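Asker: After the sequence you'll find the predicted model.
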Amino acid sequence: MKEMTSAERVFTSISFKEPDRVPLFLCLSFYGAKELGMSIKEYYSNYENVVVAQIKMKEKYNNDCYNSFFYASLEIEAFGGGTIFREDGPPNAKEPIIKKLEDIDNLEVPDVKFSKPLEQVFEVQKRLKEKSLGSVPIVGIIISPFSLPIMQMGFDKYLELIYFHSDYFWKLMNKNMTFSISWANMQLKAGADVIVYFDPMLSTEMLPKDIILKTGYKIAKKTLSLINGPVAIHLASAKTEGIVEDLIKTKAIALGISKNDNLKFLKSKTYGKISIIGNLDTISMRKWSYKEVEENVKKAIFEGAKGGGFILSDNHGEIPWQVNEEILFLIAEAVRKYGQYPIREESYYG
């Protein structure tokens, strides 16, 4: 089969057809600072750094996407909060911006078009679109309205809000939905080809399913319906099995799954309805040997790749700083070796 571009490869797979090989999404965000030999804070101080790193890392690791994500607390910055930068890990939000219920009344929804923190993301997407000319999918990311309050007010206070303060919960959700929809659509307008909707709170590992269906699931369905482009749902390493049949009913075209999910089972449940993204374990990945890389990549391909509808990626949506680049080279090599279509079962037992 003729070698495809990354965009052709991904589009073919999510159409439930077999491309030339299994698409590979190495989700490299702040890892770009490591690539350019600078601190994470310096890296994100200029969008040009992100553009350069994304182009370099795509070629270096034979990756099939550009990742325009900066860090989750960028959205908190848009609301007036701050970010703590670390030397070897993802930036985190500073103290909560919602300290009491009445703060929800006064919370102003950022104007995405004129948000200083967010404008660099749009610039990255524009530049990557110009460079790729449509040959590489550009991934944009939003934190869901339902999961954003973990940073806005802290996990414990947010759980209290969900269970005991329904009026204020929905008031915050309506504000967050307005923001998230605008944020997603501006990214699509700037050059993103798909929006990843990060929502760990949708997992039944986080909340009982009956609560999720009355809250986060309704929010996801409404939010996704108002995003003007393709959307993938990612539960950020939380399990999807308990909610997958409901997620299939949303607008989402793909689903990021956990290392603790049964890939083979999920593929059988979702094929022809929603594509699977995953599910290499980023925690153990940093210590993998050559043999373990091969075993993990082969297992994922064997369980998920046949017939398309599958993108090999990590289970969290972000490669940790502590993963050596040699591991990433080996993953890419294993995909080239075992991920060529048609998938040959005998190669898994040799």
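Answerer: Received, thanks. Bear in mind that the values here come from a model prediction, so they are computed numbers and not experimental data. Numbers count the residues shown, from 1 in each chain.

Asker: residue contacts, the nearest residue to Ala238 once chain neighbours are set aside?
Answerer: Leaving aside its chain neighbours, Ala238 sits nearest to Ser203 (3.4 Å; criterion: CB to CB, 6 or more residues apart in numbering). All C-beta spots, glycine's among them, are computed from the backbone N, C-alpha and C. By CB atoms under 8 Å, 6 or more residues apart in numbering, the contact set of Ser203 is Leu235, Ala238, Lys239, Thr240, Gly242, Ile243, Ser258.

Asker: gap between the third one and Thr270?
Answerer: When CB to CB, to the nearest Å is applied, the distance between Lys239 and Thr270 equals 14 Å.

Asker: same deal with the first one?
Answerer: Applying CB to CB, the value for Leu235 to Thr270 is 14 Å.

Asker: more neighbours, the two?
Answerer: A count of neighbours by other CB atoms under 10 Å puts Leu235 above the other of Leu235 and Thr270, at 30 against 23.

Asker: That one against Gly256, yeah?
Answerer: Yes: applying CB atoms under 8 Å, one finds Leu235 in contact with Gly256, separated by 6.5 Å.

Asker: and the helix or strand hosting Gln54, what does it pack onto?
Answerer: For Gln54, the element it lies in under DSSP states H and E is helix 47-61. When contacts are defined as 3 or more CB pairs under 8 Å, 6 or more residues apart in numbering; DSSP states H and E, helix 47-61 packs onto helix 31-36, helix 40-43, strand 66-67, helix 116-132, helix 325-338.

Asker: if you set the cut-off to 6 Å instead, what comes out?
Answerer: Packed against helix 47-61, as judged by 3 or more CB pairs under 6 Å, 6 or more residues apart in numbering; DSSP states H and E, are the following elements: helix 31-36, helix 116-132.

Asker: can you list contacts of that helix?
Answerer: With contacts defined as CB atoms under 6 Å, 6 or more residues apart in numbering, helix 47-61 is touched by 26, 28, 32, 35-36, 43, 66, 120, 123-124, 127, 328, 332.

Asker: how about JSON lines for those, with neighbour count, pLDDT and distance to Ser166 added?
Answerer: Supplementary listing: the contacts of helix 47-61 in JSON lines, determined by neighbours: other CB atoms under 10 Å; pLDDT from 0 to 100; distance: CB to CB, whole Å:
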{"residue": "Leu26", "neighbour count": "24", "pLDDT": "98", "distance to Ser166": "41"}
{"residue": "Leu28", "neighbour count": "26", "pLDDT": "98", "distance to Ser166": "40"}
{"residue": "Gly32", "neighbour count": "22", "pLDDT": "98", "distance to Ser166": "41"}
{"residue": "Glu35", "neighbour count": "17", "pLDDT": "98", "distance to Ser166": "46"}
{"residue": "Leu36", "neighbour count": "15", "pLDDT": "99", "distance to Ser166": "47"}
{"residue": "Tyr43", "neighbour count": "22", "pLDDT": "99", "distance to Ser166": "41"}
{"residue": "Tyr66", "neighbour count": "28", "pLDDT": "99", "distance to Ser166": "40"}
{"residue": "Gln120", "neighbour count": "20", "pLDDT": "98", "distance to Ser166": "37"}
{"residue": "Glu123", "neighbour count": "18", "pLDDT": "99", "distance to Ser166": "40"}
{"residue": "Val124", "neighbour count": "27", "pLDDT": "99", "distance to Ser166": "38"}
{"residue": "Arg127", "neighbour count": "22", "pLDDT": "99", "distance to Ser166": "44"}
{"residue": "Leu328", "neighbour count": "22", "pLDDT": "99", "distance to Ser166": "45"}
{"residue": "Ala332", "neighbour count": "19", "pLDDT": "98", "distance to Ser166": "48"}
